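**Student:** following is a predicted model, sequence given first.
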Amino acid sequence: MKRIICFVLIIVTVLTGCNHPGNNQKTTASQMTQVKFVMSGEPIEMPRPPLVQNESVYITLDSLASLPGIKAEYNQATGEITATRIDATLVMHLGQPLKTGNKNGAKPFLKQGTVYVPLADTLESLYYNVQTQKDSDGTLVVTLEKTGFDSSDMAAKSEFTAEELQAAETALAQGVTIADPQNDFYQIPASSVGADGRSANTKPYPLAFTDIKSVTFGADSQYFYLRIDLYGAFPDKLPYYENSDLGKTDFITGVGGGLFLNYFHNRNTGKDDVGSFQISISYVRTDDKEYTDQPDFLTPPLISLLNSATITNNKYPNGDTIYKITDNNGRADGGAGKDYLLGAFPFQEFGLQPGDVIEGSFGIETNSKIFDHERIDTVLDCGWKVGEVIRYQLGANTYENLGPPNK
């Protein structure tokens, strides 16, 4: 499974010389400099080694495109370089600094027919954090951290082994189950409009697989487990619905949600934190209007997890918050042909330990081609788009209802 935030260790030897940005660069070897790229998880090999100029690291365009979520193109006729990720587009030109007004700033250049771009300035425009430090031996240590969630990172679900599934079932049996009534959906205001201009559905479709029957949750020494049972099984193929009010055929792009955390103490940061444990089934790669107009169907439908924690100061253009931790590590089960979703969310992502206290609300959302929100269903309904807040000690078999959230 592809990780969204990873730290990889690569050591490469590069030449440091008196290069100057331009259409063709010559490198004079004056000293050998080691560059160590740090990301987490498994090793990733760059297609080509980087170059160093004035202690700034440059990577080739194909190396840039090999990083998670990034697409990069070079127009040889115009010298224009385009890099994209999520909703960010960076346009660069050979020999021109990336930062306007900084004549001495880092510039893309061409060397022996290969395009090089400044690593830090490029990635920081594409929702990556970059830190560079020099070790005592002169090695440049470049730490890359990816923020935000890419639809391209929705790898196939990481399935439970038989032993892991047994552990999940044991933890859930010793945990808590909260039943939810049928057809108790949240009444979305007619004025609700998504960032892409689609409205919400004020008359949710009577689809049993979009209606929560119960949630069951528990924990062991490694994972928080969440099982969402529905009143019907998820279809194996794209589910269509005839909307007679609009005279249109609609289809469901996905169903997902989980426990939305408004409090936990994150030992990784030493601070109180917020985030979410989410699991979803997707019939279309993304439910943005851009894609539902020309959908990229997923066959079979895909189950994916989303761990989110630690709000950053960055937001997507549509106003959504970017979290420092956004990845799909863990285990998933259920989905197509079954009437449940089951997720195992690793404690380490959140700096949690058994016995810690978390607080949050349960709910799921259903999206469709026509509607930004086709249906919202909450557990412990309080007349809002999320349910009443529960307080839970990880591993316990009881919970405390704290009432409606602070809106």
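**Tutor:** Okay, I see it. Numbers count the residues shown, from 1 in each chain.

**Student:** for the rest of this, base every contact and every neighbour count on C-alpha atoms.
**Tutor:** OK.

**Student:** residue 81 against residue 65, yeah?
**Tutor:** No - distance between residue 81 and residue 65: 11.8 Å, which falls outside the contact criterion (CA atoms under 8 Å).

**Student:** report how many residues lie close to the nearest residue to residue 338 once chain neighbours are set aside.
**Tutor:** Distances taken as CA to CA, 6 or more residues apart in numbering put residue 233 closest to residue 338, at 4.7 Å, once the chain neighbours are dropped. Counted with other CA atoms under 10 Å, the neighbours of residue 233 add up to 18.

**Student:** and residue 233, how far from residue 281?
**Tutor:** Residue 233 sits 12 Å away from residue 281 when distances are taken as CA to CA, to the nearest Å.

**Student:** joint contacts of these two?
**Tutor:** Both residue 233 and residue 281 are in contact with 335, 336, where contact means CA atoms under 8 Å, 6 or more residues apart in numbering.

**Student:** quick one: the strands in the stretch 201-350 of the chain?
**Tutor:** Under the criterion DSSP state E, counting those that start in this stretch, strands of the stretch 201-350 of the chain are mapped to 212-219, 223-230, 240-243, 248-266, 271-284, 297-315, 321-327, 331-334, 340-346.

**Student:** for the first one, which strands pair with it and how are they oriented?
**Tutor:** Right, the one you point to is strand 212-219. Applying DSSP bridges, strand 212-219 is found paired with strand 176-179 (antiparallel), strand 223-230 (antiparallel).

**Student:** and these as CSV, adding mean neighbour count?
**Tutor:** Formatted as CSV, those follow (neighbours: other CA atoms under 10 Å):
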stretch, mean neighbour count
strand 176-179, 16
strand 223-230, 25
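
**Student:** need the ones you listed in JSON lines (columns: mean pLDDT).
**Tutor:** Below are the strands paired with strand 212-219 laid out as JSON lines (pLDDT from 0 to 100):
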{"stretch": "strand 176-179", "mean pLDDT": "98"}
{"stretch": "strand 223-230", "mean pLDDT": "98"}
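
**Student:** can you tell which of those is closest to residue 46?
**Tutor:** strand 223-230 (32.9 Å; CA to CA).

**Student:** the top helix by length along the chain packs against which elements?
**Tutor:** Assignment by DSSP state H gives helix 162-173 as the longest helix of the chain. Under the contact criterion of 3 or more CA pairs under 8 Å, 6 or more residues apart in numbering; DSSP states H and E, helix 162-173 touches strand 212-219, strand 223-230.

**Student:** looking at those, which is nearest to residue 200?
**Tutor:** Residue 200 lies closest to strand 212-219 among those, at 19.1 Å (CA to CA).

**Student:** strand 248-266 and the closest one, what's the angle between them?
**Tutor:** 30 degrees (axes from the mean of the first three to the mean of the last three CA atoms, to 10 degrees).

**Student:** so strand 212-219 versus helix 162-173, what angle?
**Tutor:** 110 degrees.

**Student:** can you tell me what sits against stretch 212-231?
**Tutor:** 168, 171-182, 208-211, 258, 339-348, 353-354, 364, 377-379, 394-397.

**Student:** so which residues of the stretch 1-150 of the chain form helices?
**Tutor:** 61-66, 119-123 (DSSP state H, counting those that start in this stretch).

**Student:** output the below-cut-off pLDDT ranges for the chain.
**Tutor:** 1-32, 40-43, 149-157, 195, 287-291, 317-318, 407 (pLDDT under 70).

**Student:** got the domain ranges for it?
**Tutor:** Domain assignment for the chain by automatic domain parsing gives 9-146, 151-403.

**Student:** pick the most deeply packed of these.
**Tutor:** Mean neighbours per residue, mean count of other CA atoms under 10 Å, is largest over the domains of the chain for domain 151-403, with a mean of 19.

**Student:** tell me the contacts of the residue nearest to residue 338?
**Tutor:** 208, 209, 335, 336, 337, 338, 339, 340.

**Student:** excluding chain neighbours, what is closest to the second one?
**Tutor:** Read it as residue 209. residue 232 (4.4 Å).
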